[in-house]
Structures are given as C-alpha cells and as structure tokens.
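Enquirer: Could you look at this predicted model? Sequence included:
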Amino acid sequence: MGKKIFVSYKYKDNQVRNLSIYENSTVRDYVTKFEEVLDPSDNIYKGESEGEDLSLLSEGTIWEKLKNRIYDSSVTVIFISPGMKESWNSEKNQWIPWEISYSLKETSRKNKNGDAITSRTNAMLAVVLPDENGSYSYYLENKSCCVNGCTTHHTDKLFSIIRKNKFNLIDANKRTCDNGSTIWYGDVSYIEAVKWDDFISNYSTYIKKACLRQDNIDNYKIYKEIN
C-alpha cells in the first residue's frame with residue numbers, strides 16, 4: 001500500500017552538492033529527484049514554495065495553508081540542508097518549524113458526513129543533504145569516539161522542534177566513553193537522520209523504519225510546539 005508523504009524543505013537553499021554538471025542545484029532539485037524514484041502508489045505533498053512569506057500571517061492562516069497537505073499525509077520527510085535555517089530570523093517566521101509542528105500534532109477535521117476524524121502524529125524522518133563539497137560533516141560528523149568510533153550530530157544546525165525530537169527515546173541504551181563522550185545505540189530518535197545517498201537508493205526501507213517508530217511513539221518524548 002502506498003504512503004502519503006509530506007516533504008518539508010528550504011526551497012531556495014543552494015548550499016548543496018550539484019546534481020548535474022550543467023547547472024547549480026537547490027534543495028528543490030533534490031525533492032524532484034525524490035519524486036522521480038517514488039513508487040507510483042506513493043503520493044507526495046510538498047511544503048514551502050518559492051516566494052511564500054509567513055511573517056505577517058496568523059497561526060490560523062498558516063494552518064489553513066498547510067492543513068490539506070499535512071493532514072492527508074502519514075509520513076513527513078525533512079530535508080536537512082546547510083542553509084535551511086535562517087539564524088537572523090525567528091523560527092516562528094520560517095515555514096519548516098510550522099510544518100514539523102503540525103506533522104507531529106494530532107488534528108481533528110470533519111469528513112463529508114460531518115464526523116470528526118483525528119489524524120495520527122506522522123512518522124518522521126530527516127534526510128541530510130550533502131553540502132557544496134559533497135560532505136555531510138556539517139551535520140553528521142564521523143569521529144573516533146570509544147573503540148569503534150561514533151557519529152556526532154550537530155543538532156545546533158537544526159530548528160529547535162527538530163532538535164528536541166532527536167535523542168528522545170525515553171529508555172535509551174547509551175554509555176559514556178573514556179573521553180566523556182556519550183554514545184547512544186538503536187532507534188534513539190523519533191526523527192532519525194539518514195544521509196541522502198543512502199536514502200535515495202533505498203528510501204522505502206527508511207520510511208518503513210519511521211513507521212515502526214510511529215507505531216511505538218509512546219516510547220519517545222515528543223515535542224510538538226514551536227519555541
């Protein structure tokens with residue numbers, strides 16, 4: 001059975017690896033690439049569009065713009081890119097935090113018969129895009145922690161609502177290395193992060209894993225509001 005997938009991304013961010021030698025890429029090009037590999041039974045709903053500005057909009061108006069796209073989806077995929085977060089701008093004035101917040105909330109709407117239908121919290125997944133040099137280390141950095149090494153997640157690069165839903169498994173397996181680093185094991189984040197190159201070659205596997213976390217959502221401390 002196909003999935004209804006909402007994609008949250010920074011439309012104009014061009015600080016990413018070019019997908020073609022003939023032109024400079026933006027995150028929107030990665031969304032297109034994802035669309036090309038989707039199973040025909042899957043449906044995709046796209047978030048931010050070019051030129052959209054929410055700085056003067058009320059929360060109710062923002063929800064009206066997003067509800068049809070998000071309410072009808074069951075999975076939200078966030079494209080993490082180097083320039084997705086405008087550090088000079090309030091998070092409440094940027095689209096991605098709102099899209100994540102509404103994806104995490106359970107929302108009621110009436111169907112054509114007038115009956116209230118409540119949506120589930122979406123399954124969530126973060127796809128980290130390579131930067132202009134083809135590197136993921138701006139967010140996922142391999143380090144020599146402990147004996148077998150580890151991967152550091154630079155969560156300061158994320159919007160707070162995404163960051164708070166990382167490493168939020170209530171009863172997580174973790175230990176401290178000799179150098180003081182804390183290592184987490186297993187599906188410790190409701191919003192798991194995966195590299196683009198791994199995701200695009202086998203996207204359905206990662207979405208299935210996100211849906212399994214959704215089925216076990218009570219094991220995670222979920223944050224749904226924007227600071």
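Expert: Thanks, I have it. Numbers count the residues shown, from 1 in each chain.

Enquirer: Against which helices or strands is the helix or strand hosting residue 205 packed?
Expert: Residue 205 belongs to helix 203-215 when elements are defined using DSSP states H and E. Applying 3 or more Cβ pairs under 8 Å, 6 or more residues apart in numbering; DSSP states H and E, we find helix 203-215 packed against strand 75-80, strand 123-128, strand 192-195. To be clear about C-beta, it is placed using only N, CA and C from the backbone, and glycine gets the same treatment.

Enquirer: next helix or strand past the second one?
Expert: Same thing as strand 123-128. strand 140-143.

Enquirer: and if you look at the shortest one?
Expert: Counting by DSSP H and E, the next helix or strand C-terminal to strand 192-195 is helix 196-201.

Enquirer: contacts for that following helix?
Expert: Applying Cβ atoms under 8 Å, 6 or more residues apart in numbering, the external contacts of helix 196-201 come out as 30, 33, 34, 37, 127, 128, 129, 130, 206.

Enquirer: hang on, isn't residue 70 packed against residue 76?
Expert: Yes - using Cβ atoms under 8 Å, residue 70 makes contact with residue 76 at a distance of 7.4 Å.

Enquirer: joint contacts of these two?
Expert: Joint contacts of residue 70 and residue 76 (Cβ under 8 Å, 6+ apart) are 6, 99, 103, 122.

Enquirer: Find the residue at the geometric middle of the protein.
Expert: residue 78 (2.4 Å; Cα atoms, centre = their mean).

Enquirer: where's the closest residue to residue 169 other than its chain neighbours relative to residue 177, distance?
Expert: Nearest non-adjacent residue to residue 169, counting by Cβ to Cβ, 6 or more residues apart in numbering: residue 188, 4.4 Å away. Distance, residue 188 to residue 177, using Cβ to Cβ, to the nearest Å: 16 Å.

Enquirer: Comparing those two, which shows the higher neighbour count?
Expert: residue 188 (16 against 13; other Cβ atoms under 10 Å).

Enquirer: Next, give phi and psi for the more buried one.
Expert: When quoted as degrees, to the nearest 10, the phi and psi of residue 188 stand at phi -90, psi -10.

Enquirer: in the chain, which spans are strands?
Expert: 4-8, 43-46, 75-80, 108-110, 116-118, 123-128, 140-143, 150-153, 173-176, 182-185, 192-195 (DSSP state E).

Enquirer: what's the last one in contact with?
Expert: Read it as strand 192-195. Counting by Cβ under 8 Å, 6+ apart, 80, 124-128, 130, 136, 139-140, 153, 166, 206, 209-210, 213 sit against strand 192-195.

Enquirer: Residues contacting stretch 163-178, please?
Expert: Under Cβ under 8 Å, 6+ apart, the answer for stretch 163-178 is 104, 124, 145-146, 153, 155-156, 158, 182-191, 193, 219-223.
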